[in-house]
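> Sequence first, predicted model second:
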Amino acid sequence: MKQSVSAIFICEDQVLIMKRQNYLRAFPGYSSFPGGKVDEEDVLNGGDDYLLFALKREIQEELHINIDELLKSGHILDVKQYALAVTPDFNPHRFENYYFKVFIKDKSALEEINFHFDEGEIAKATWMNCHEAFTEYKKGHLLVVPPMITILKDLDRDINSLDFLDANLKYDGDLQVPMIEPLFGLRQYMPLSHTFPPANRTNCFVIGDDNGKKIVIDPSPKNEEELEKLIYGLKEHDLSEIFLTHHHPDHHEFSRELAKILKLPFSMSEGTYEHLLGDFGQDYFDGHEVKFYDDGDIVTTSCGHEVKLVTTGGHAFGQSSLLRADGSWMIVSDLIQTIGTVTISGRGSDMREYFHSLTNVINLDPQVVMPSHGICLGGTNKIKQTLDHRIERENQIRACLEEGKSREEIFQSIYPDLPERLHKYAYATIDSHLDKLTKYGPGLC
């Protein structure tokens, strides 16, 4: 398993917290501590202390300060290993991440240390009181990985403690599906689902204040065993309804069984309801209460802020996203994915509408977007990339049409090395672009 190291710089009652740039591939927009991967040279040159060696190298590269020199000068009092967090087994990219506390003498010493923050990676670096930092998280303003929450709580308890901290995510895989809370008030359950590879899970979100209406979004476990594990976690919430973002089966499989067991009604857009009945039978919701939300309707509250429905069709007719009114976050369903590619094909899909939905969310500019497959992302950079890619693909198809190429020749020109198992999806994408160009013309028409 790979290893990494992180430095928690402490000065009196404050810690250094950095926000990563939104365009980074790894954890864009997340708040974290400085650090990075342990490489082979660290192991070779560092001996038994290779983790500390790696930490010093990373800090030199990332912040342009020399920890050994600062220890000699007395600006830094000590460096102590403090915590360990191992990436959970449901994540294919696993690390052992070792956290070190780096104690700066005092604020006058801090003023003399010339931290240099790489603006290519760091959007913002802030010294924060630990209680203040945890309070910001509880307001839904810090996007974090699970160990960060555990560490902030412990630092708030005793910032100077040298007791070793187990910062691992606690869950029993035999009883539960994984659950994380990257933003406070937004619980992200990750049951295995029958979704499109390479994704194998559909995020099932629980939102809503404790004193208000709590809803569970898109519960879709792949089988009865996974359903039981999901119920185990959901039972701790006083849920009011099941909200479905759209009609594709990897967003509602076993949801009717869940509704019966937990005695919950359904909610969704009328477009989603109509397509569900069209695909799965007019009796699909027999015995279940169903209520509808329109674009702009208030669905619930989170951290005291209203959460409203925003229609984001294109991938699926009537697909709904949920936006916290202050712009803190937006659940965007299958508008984008961080694992694989969104397909625009089949009944209810429309490329022109997809262009409009992407543009609308970019204009709304939520601070964090949460897709149904993959991790939460800071900002709308991924949405902008997706729109740019769609426009580029449309321009390629237009150029092929102007050259008089057939549908098959367009495919060969654009997807020359695509695996055969993906051919039907590529053809469907081409057809969606051709349909848009024929009916509406190019661009954001």
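Here it is on my side, so go on.

> Next, name the residue at the spatial heart of this protein.
Most central in the chain under CA atoms, centre = their mean is C376, positioned 1.2 Å from the mean C-alpha point.

> which residues in the stretch 151-300 of the chain form helices?
Listed in chain order, the helices of the stretch 151-300 of the chain (DSSP state H, counting those that start in this stretch) span 224-234, 255-262, 270-280.

> Would you reformat these as JSON lines and include mean neighbour count?
Using the backbone N, CA and C atoms, a C-beta is placed for each residue, glycine as well. Output for those, formatted as JSON lines (neighbours: other CB atoms under 10 Å):
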{"stretch": "helix 224-234", "mean neighbour count": "17"}
{"stretch": "helix 255-262", "mean neighbour count": "17"}
{"stretch": "helix 270-280", "mean neighbour count": "18"}
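
> Same list, those helices, but as TSV with mean pLDDT and distance to D118 please.
As requested, the helices of the stretch 151-300 of the chain are exported to TSV (pLDDT from 0 to 100; distance: least, CB to CB, whole Å):
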stretch	mean pLDDT	distance to D118
helix 224-234	97	39
helix 255-262	97	45
helix 270-280	97	44
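
> got those helices as TSV, with distance to P88 columns?
Output for the helices of the stretch 151-300 of the chain, formatted as TSV (distance: least, CB to CB, whole Å):
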stretch	distance to P88
helix 224-234	14
helix 255-262	24
helix 270-280	32
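
> of those, which approaches R352 most closely?
Smallest distance to R352 across the helices of the stretch 151-300 of the chain (CB to CB): 15.9 Å, for helix 270-280.

> report the angle between the axes of the closest one and helix 255-262?
110 degrees (axes from the mean of the first three to the mean of the last three CA atoms, to 10 degrees).

> Return the list of helices and strands in contact with helix 270-280.
Where contact means 3 or more CB pairs under 8 Å, 6 or more residues apart in numbering; DSSP states H and E, helix 270-280 is packed against strand 290-292.

> Would you mark the buried spots in the strand it packs on?
V290 (16 or more other CB atoms under 10 Å).

> Please apply the same query to stretch 127-135.
W127, M128, C130, A133, F134, T135.

> Which of those residues fall within strands?
W127, M128 (DSSP state E).

> which one of the buried residues of stretch 127-135 sits closest to R201?
Closest to R201 out of the buried residues of stretch 127-135 is F134 (28.4 Å), distances taken as CB to CB.

> Distance of the closest one relative to V144?
Distance, F134 to V144, using CB to CB, to the nearest Å: 10 Å.

> shared neighbours of these two, anything?
Shared contacts of F134 and V144, defined by CB atoms under 8 Å, 6 or more residues apart in numbering, comprise L152.

> residues contacting G46?
G46 neighbours (CB under 8 Å, 6+ apart): L52, F53, A54.

> still on that earlier bit, for the helices of the stretch 151-300 of the chain, which one sits closest to V299?
helix 270-280 (13.5 Å).

> Pull the residues that contact stretch 264-282.
215-216, 239-247, 252, 255, 258-259, 284-285, 288-294, 299, 309, 311, 313, 316-320, 347-348.

> what comes up buried for stretch 437-445?
L437.

> pLDDT (mean, whole number) over that stretch?
Mean pLDDT, stretch 437-445: 88.

> Which residues outside it are in contact with it?
R352, F355, H356, T359, I391, E394, N395, I397, R398, L401.

> before we move on, the earlier item: what subset of the contacts of stretch 264-282 is buried?
In the contacts of stretch 264-282, burial by neighbour count holds for 215-216, 239-247, 252, 255, 258-259, 284-285, 290, 293, 299, 309, 311, 313, 316-320, 348, counting by 16+ other CB under 10 Å.

> Quick check: P88 touching K170?
No: the pair P88 / K170 is not scored as a contact, 9.7 Å apart, by CB atoms under 8 Å.

> quick one: which of those two has more around it?
Neighbours were counted for P88 and for K170 using other CB atoms under 10 Å; P88 has more, 16 against 9.

> leaving aside the residues next to it on the chain, what's closest to that one?
Nearest residue to P88 in three dimensions, chain neighbours excluded: L169, at 5.0 Å (CB to CB, 6 or more residues apart in numbering).

> quick one: that neighbour and E181 touch, right?
No: applying CB under 8 Å, one finds L169 not in contact with E181, separated by 10.3 Å.

> any common contacting residues for those two?
Shared contacts of L169 and E181, defined by CB under 8 Å, 6+ apart, comprise P146.
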